[in-house]
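K.L.:
how would this look folded up:
(one chain, ligands or ions: 1)
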Amino acid sequence: MSEKTFIILMGAPGAGKGTQAKLLQADFNLPQVSTGDLFRFNLKNETELGKLAKSYMDKGELVPDDVTVSMVEQRLAEGDCAGGAILDGFPRSAAQAEALDNLLDKMNSRVAVVPFVRVEQEILVARLLKRAELEGRADDNEETIRTRMRVYHESTAPLLDYYSAKGLVVEIDGDRPVEVVQAELKQIVESKN
Ligand code: AMP
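P.N.:
Have a look, this model is predicted:
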């Protein structure tokens with residue numbers, strides 16, 4: 001096991017990755033690195049990166065890989081990631097997964113485990129529409145949700161094969177109460193730590 005622990009939380013939009021990643025942070029003293037949150041922070045602060053990301057996010061499309069990868073590279077170089085990180089929403093494409101492998105190689109590290117939070121599509125759409133009401137996220141409208149699901153199936157879901165081939169994927173039933181999913185996730189990470 002390398003000294004750093006990098007966990008990739010996989011799952012479709014609405015599967016609860018963000019909620020679970022936030023809860024895991026304290027248990028393992030690892031920061032959640034959410035590319036969605038990083039983009040939203042840039043958007044709010046009207047940075048150049050935010051302006052660039054906005055058009056893609058509004059449509060539910062992926063922000064280009066080079067932009068996303070260099071943002072993650074900078075984030076992982078920060079001090080709080082010295083022991084690793086919980087990656088939430090990254091990687092989302094084959095190019096991003098390869099870039100992450102190269103990045104971790106350079107740090108003499110590698111991915112420890114890839115928990116996959118599985119939830120059926122109809123439940124996901126219902127959850128996202130509810131989140132739209134509660135949080136008012138601009139990209140939680142029906143049309144964008146449809147695009148995000150398509151992008152997930154086309155670009156992100158194939159990564160499960162990529163990481164399965166490396167023996168890293170552990171599937172979890174995400175259609176259960178948050179605490180139940182959390183307890184199982186914690187055990188999975190502990191067993192790989
Ligand atoms: P999320 O909060 O993870 O659902 O991300 C919200 C939006 O941010 C996505 O629909 C994309 O437009 C963008 N985004 C987040 N993570 C990535 C990523 N790894 N690659 C490209 N775009 C991303």
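K.L.:
What parts of the chain come near the ligand?
P.N.:
When proximity is defined by CB under 6 Å from any ligand atom, the chain lies next to the ligand at 13, 35-36, 39, 56-57, 60-63, 68, 89-90, 92, 96, 139, 148. Where you see a C-beta, it was placed from the backbone N, CA and C, and this is true even at glycine.
K.L.:
Of these, just the buried ones, ChimeraX syntax please.
P.N.:
If you want just the buried ones from those in ChimeraX, going by 16 or more other CB atoms under 10 Å, the selection is:
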select :13,35,36,39,56,57,60,62,63,68,89,90,92,96,139,148
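K.L.:
Among the residues of the chain next to the ligand, name the ones in helices.
P.N.:
Secondary-structure check on these using DSSP state H: residues within helices are T35, G36, F39, Y56, M57, T68, Q96, R148.
K.L.:
out of those residues, who's nearest N29?
P.N.:
Using CB to CB, T35 comes nearest to N29 of these, at 21.1 Å.
K.L.:
Can you read off the pLDDT for that closest one?
P.N.:
The pLDDT attached to T35 in the predicted structure is 98.
K.L.:
Quick one: find the helix or strand in this protein with the lowest mean pLDDT.
P.N.:
Considering only helices and strands, the least confidently modelled element of the chain by mean pLDDT, DSSP states H and E is helix 121-135, at a mean of 87.
K.L.:
Show me what it is packed up against.
P.N.:
Applying 3 or more CB pairs under 8 Å, 6 or more residues apart in numbering; DSSP states H and E, one finds that helix 121-135 contacts helix 142-151.
K.L.:
residues in contact with the helix it packs on?
P.N.:
Residues external to helix 142-151 that are found in contact with it (CB atoms under 8 Å, 6 or more residues apart in numbering): 12-13, 58-62, 92, 121, 124-125, 128-129, 139.
K.L.:
coming back round to it: what residues of the least confident helix or strand of the chain count as buried?
P.N.:
So, applying 16+ other CB under 10 Å, buried residues of helix 121-135: L124, V125, R127, L128, A132.
K.L.:
Now distance to R176 too, for those, in JSON lines please.
P.N.:
Formatted as JSON lines, the buried residues of helix 121-135 follow (distance: CB to CB, whole Å):
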{"residue": "L124", "distance to R176": "14"}
{"residue": "V125", "distance to R176": "18"}
{"residue": "R127", "distance to R176": "13"}
{"residue": "L128", "distance to R176": "18"}
{"residue": "A132", "distance to R176": "23"}
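K.L.:
In the protein, which residue sits nearest the ligand?
P.N.:
Relative to the ligand, the nearest point of the chain is G36 (2.1 Å; CB to the nearest ligand atom).
K.L.:
residue contacts, that residue?
P.N.:
When contacts are counted by CB under 8 Å, 6+ apart, G36 touches G18, D88, G89.
K.L.:
Show me what counts as buried in stretch 94-112.
P.N.:
Buried residues in stretch 94-112, defined by neighbour count with 16+ other CB under 10 Å: Q96, A97, A99, L100, L103, L104, M107, S109, V111, A112.
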